[in-house]
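Q: here's a sequence, model it:
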Amino acid sequence: MGKAPTSGDKDARKANKRGAARLAAVQALYQMDLAGSGLNEILAEFESHWLGREVEGAQYLPAEAAFFRDIVTGVVREQRVLDPQIDEALQGSWPLKRVEAVLRAALRAGAYELAHRRDVPARVVIAEYADVAAAFVERDETGMVNAVLDQLARKLRGDEFAA
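A: Residues are numbered from 1 along each chain as shown. The predicted structure is shown next:
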């Protein structure tokens, strides 16, 4: 006999949907960076091929599409502000333009969420984008994403880290 669903199950499903949207957003931003695809083109492609369909056993739902769209359009809209903040967090040791494209996409998406999605706790944003990066790169590079987003979070949302 299965246990009754709890509100925690609902939160986990919401988190999984958002995790899938974050992964798709990083892939879309990566593709835009590498192929020079336009925003409308990439949104249409991802929304018709990924979101709202079952891909690799995971169902992508409309709520995810809205979250996906917010991240991708937000990064494009705010990139001139986000990139210098990320560069500063990288501490000049490795400018953002020299960071691997998929990591650049994850950093930009994470920075956007930290700056503009206060409904998502900073620690969740950091952990989620470290996980997204882990899908594409080695552990050392995942640590860099974690460290850079942690530094940005402490600057942008210091109140969440106060003791």
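Q: give me the number of residues near R123?
A: By other CB atoms under 10 Å, 14 other residues sit near R123. Just so you know, the C-beta spots here come from the backbone N, C-alpha and C atoms, and that holds for glycine as well.
Q: which residues does it contact?
A: Taking CB atoms under 8 Å, 6 or more residues apart in numbering, we find R123 in contact with 153, 160.
Q: repeat that for S37.
A: 31, 45.
Q: wait, is it part of a strand?
A: No: inclusion of S37 in a strand is not indicated when DSSP: H, G, I helix; E, B strand; the rest coil is applied; the result is coil.
Q: could I get the full set of strands for the protein?
A: Using DSSP state E, the strands assigned to the chain run over residues 54-55, 58-59.
Q: pLDDT on the last one, on average?
A: It stands for strand 58-59. Model confidence over strand 58-59, given as mean pLDDT, is 56.
Q: do stretch 134-142 as well
A: Averaged over stretch 134-142, pLDDT sits at 85.
Q: ends of that stretch, what's the gap?
A: End-to-end distance of stretch 134-142: 6 Å, with CA to CA, to the nearest Å as the criterion.
Q: tell me which residues in that stretch are buried?
A: Neighbour-count burial for stretch 134-142, counted by 16 or more other CB atoms under 10 Å, picks out 134, 136-137, 141-142.
Q: kindly report the same for stretch 138-155.
A: Buried residues in stretch 138-155, counted by 16+ other CB under 10 Å: 141-142, 144-146, 148-153.
Q: for L96, give its distance to R123.
A: Taking CB to CB, to the nearest Å as the measure, L96 and R123 are separated by 23 Å.
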